[in-house]
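Peer 1: Quick one: sequence and predicted model below, then my questions.
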Amino acid sequence: MPECPKCGSKLGRIHRRPVDRFYSLLNPIIRYRCRNTKCHWEGNMRDPSQTLTKKRQNIFLWAAILVGAIGFGLVLGKILNK
């Protein structure tokens with residue numbers, strides 16, 4: 001289990017926010033909260049179980065989505081301009 005960057009205590013995993021889930025598509029992260037009741041640190045840390053191959057797959061996925069969205073926009077633009 002990782003240690004708190006603020007106080008050095010143990011961290012506990014907590015549910016990710018929607019923005020964390022979106023960001024995690026490109027850079028896998030896990031959300032943690034410090035177990036020390038006086039510290040209250042909460043934040044994201046890189047998921048150590050994700051390999052570089054997985055990260056490359058995510059980048060390829062986002063590139064494909066971006067190219068598809070641009071293509072769709074171009075086709076839609078031509079249809080609407082007729």
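Peer 2: Nice, I can see it. Residues are numbered from 1 along each chain as shown.

Peer 1: those helices in this structure, which residues are they?
Peer 2: 18-24, 52-80 (DSSP state H).

Peer 1: The first one: which residues count as buried?
Peer 2: Neighbour counts over helix 18-24 (16 or more other Cβ atoms under 10 Å) mark Ser24 as buried. In this view, the C-beta of every residue, glycine as well, is placed from N, C-alpha and C.

Peer 1: Just put the helices of the chain in a markdown table and tack on distance to Gly8 and mean pLDDT.
Peer 2: Listed next are these as a markdown table, based on distance: least, Cβ to Cβ, whole Å; pLDDT from 0 to 100:
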| stretch | distance to Gly8 | mean pLDDT |
| --- | --- | --- |
| helix 18-24 | 23 | 86 |
| helix 52-80 | 28 | 82 |
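
Peer 1: Those helices into CSV, with extra columns for distance to Lys38?
Peer 2: Listed next are the helices of the chain as CSV, based on distance: least, Cβ to Cβ, whole Å:
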stretch, distance to Lys38
helix 18-24, 25
helix 52-80, 36
